[in-house]
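# pasting the structure only:
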């Protein structure tokens, strides 16, 4: 069963309390995605490219009419130390968060997490000038 038909075959909220055990083909990279290896009962993104589909308005509700590809744009660390991927829909721009899976591509996860460091929103050589501007008396390299 493909993801588009899930909304039609199950009652509203079904996936909030039931496992997602279906095999699907990633709409972004074309790989076959299986539920085994995820480390949870809710496989919601491709472990290869980390992309997903915009099928939910709230987790598990399958109420979204958009259906766009959700691209991984960042990661964040939850209070318990668990990593989660921030996805942005290529079609409508909605942001969502999904916990990482046990078999997710570790190189891609680290690559996404390092984007702000590798490409900061300001020139690094201006760090001291920016620190002075905001009233910080520390310089680059000192412990904060």
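That came in fine, so what should we check first? Computed from a prediction, not measured in an experiment: that's the story for all the values here.
# most centrally placed residue in the chain?
Centroid-nearest residue in the chain: residue 85, 2.7 Å away (criterion: C-alpha atoms, centre = their mean).
# Specify the local secondary structure of that one.
Classification of residue 85 by DSSP: H, G, I helix; E, B strand; the rest coil places it in strand.
# my guess is it meets residue 44, correct?
No: if you go by C-beta atoms under 8 Å, residue 85 and residue 44 don't touch, sitting 9.6 Å apart. For glycine as for every other residue, the C-beta is placed from the backbone atoms N, C-alpha and C.
# biggest helix in this structure by residues?
Counting residues, the longest helix found in the chain (DSSP state H) is helix 106-118.
# for it, what is the average pLDDT?
The average pLDDT within helix 106-118 is 92.
# Packing partners of it?
Here helix 106-118 touches strand 69-77, strand 83-89, going by 3 or more C-beta pairs under 8 Å, 6 or more residues apart in numbering; DSSP states H and E.
# Could you pull out the buried residues of the following helix or strand past it?
Going down the chain from helix 106-118, the next helix or strand is helix 127-133, by DSSP states H and E. Within helix 127-133, the residues that count as buried by 16 or more other C-beta atoms under 10 Å are residue 127.
# And helix 127-133, how far out from the chain middle?
32 Å (C-alpha atoms, centre = their mean, to the nearest Å).
# Also stretch 106-118?
12 Å.
# For that stretch, buried residues please.
108, 109, 112.
# roughly how far apart are residue 42 and residue 95?
Computed as C-beta to C-beta, to the nearest Å, the residue 42 to residue 95 distance reads 19 Å.
# Looking at these two, which is more packed in?
residue 42 (17 against 11; other C-beta atoms under 10 Å).
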